[in-house]
Structures are given as C-alpha cells and as structure tokens.
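Novice: Here is a sequence with its predicted model. Questions after.
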Amino acid sequence: VGYLGDKIKDYIQEKYPGLHAHFVNQNERQGIGHAIQLTRNIVNGDEIFIVLGDTICEYNVSELLNRPHSVLGIKRVDDPRDFGVAEMDDDSLIAHVVEKPNIPKSNMALVGLYKIKESDQMFQCLETNIRQGLRSHGEYSITDALDCMIKAGIKFKAFKVENWFDCGRKETLLESNATL
C-alpha cells in the first residue's frame, strides 16, 4: 500500500476480519516491480497471483488459478504502446515481453494479471534489475522481471481475458466508468 493505504487496511480488516492479510508499505513510488520486491519475505517462495489495482477484467478465476504453469493475462488492443506487450508463438507460449514499446511487435497487451509459480526466480530478477538500476519509463517494472525470467528459461502461457477496462489513467477511468 502507499498513499491512503490506511483506508485500504481498515476496509479489509473491517469487512474481512477472518482474512489473514499482510500489508507492506511502499514509501517511495518506484514502480510495480519495486512494490512486488518489498513482499519477498512474505511470499517466501510460494506461488503468487498478482492483480493490478487499476485493472477490471472478466475472466474465470478458477480456470486461471488451476493452470499448471505460470500465466500472464493478455488482451488484443488497437494501440499497445501504453501497455506491457507480449510476443507469443502459436501455442500461446510467451517469447518476450516489453513495457510500453515505441514500436510494438505485437498488439497483445498485458492486462495486469500474473500467476507466477517460480516466485524465487521472479524476485531474483527484480533484485538484479533494482541493483543495476534497470528502469523502464522511470520505474522498476514487473514486465522487465518477467522478460528476465523468460530469458532464463521460465515458460509463461498467455491467458486471454474477455473484457478489460484499464483504469490507470483519467481518460480510461472515465471511459471505463461510462461503459460499466
């Protein structure tokens, strides 16, 4: 949590008192990769499921969680330059991911759903990227860590979502609100 994180914590504790929840403060906004890296000791090698807070999409949660391998949620978009982009083969195996490319080689956007079985490898990639100062668009990116994992031989399958509403910017938040 970051700005107004106490409101999120209070809400979770009030509405879900039986939920065993952890809250980690990201005091410096250095990107999603940095935020995830802060959870390393809590995750402790377990499989993880990351859902970005500015994403609303339609998908079968059980189907996604029961997949036997690591999975990245994707959706075809008209202009992928504002998103993480996945390049994949005919078997939905992801070959490369890149954050907000100027010249995308694919129109398959990462929607902010990441099921990762190999969390230790992800944290190693995040740690290396942070130590080396590898930033994309001024932030430590989960996309860069995922690409590091792919280069190390970790396999990711694409999981296509039905509807996706990107609420990360004012324009798309207003558009999503009007559609919903």
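Specialist: Nice, thanks for sending it over. Remember, it's a predicted structure, so these values are computed and weren't measured experimentally.
Novice: Show me which helix runs longest in the chain.
Specialist: helix 119-132 (DSSP state H).
Novice: Look at the spatially most central residue of the chain and give its secondary structure.
Specialist: With distances taken as CA atoms, centre = their mean, the residue of the chain nearest its centroid is Gly112 (4.0 Å). The local conformation at Gly112, judged by DSSP: H, G, I helix; E, B strand; the rest coil, is strand.
Novice: list the contacts for the closest residue to it other than its chain neighbours?
Specialist: Of all residues not flanking Gly112 in the chain, Leu52 sits nearest, at 3.2 Å (CB to CB, 6 or more residues apart in numbering). Heads up, the C-betas are built off the backbone N, CA and C, glycines and all. By CB atoms under 8 Å, 6 or more residues apart in numbering, Leu52 lies in contact with Ile32, Gly112, Leu113, Gly168.
Novice: And the strands in this structure?
Specialist: Counting by DSSP state E, one finds strands in the chain at the ranges 48-51, 55-57, 70-76, 84-88, 94-99, 108-116, 156-160, 164-166.
Novice: between those, which gets nearest to Tyr140?
Specialist: Evaluated with CB to CB, the strands of the chain place strand 94-99 nearest to Tyr140, the distance being 10.4 Å.
Novice: Please name every helix or strand in contact with the closest one.
Specialist: strand 84-88, helix 142-151, strand 156-160 (3 or more CB pairs under 8 Å, 6 or more residues apart in numbering; DSSP states H and E).
Novice: Can you lay out those as CSV showing mean neighbour count?
Specialist: Shown next, in CSV, are the helices and strands packed on strand 94-99 (neighbours: other CB atoms under 10 Å):
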stretch, mean neighbour count
strand 84-88, 22
helix 142-151, 22
strand 156-160, 19
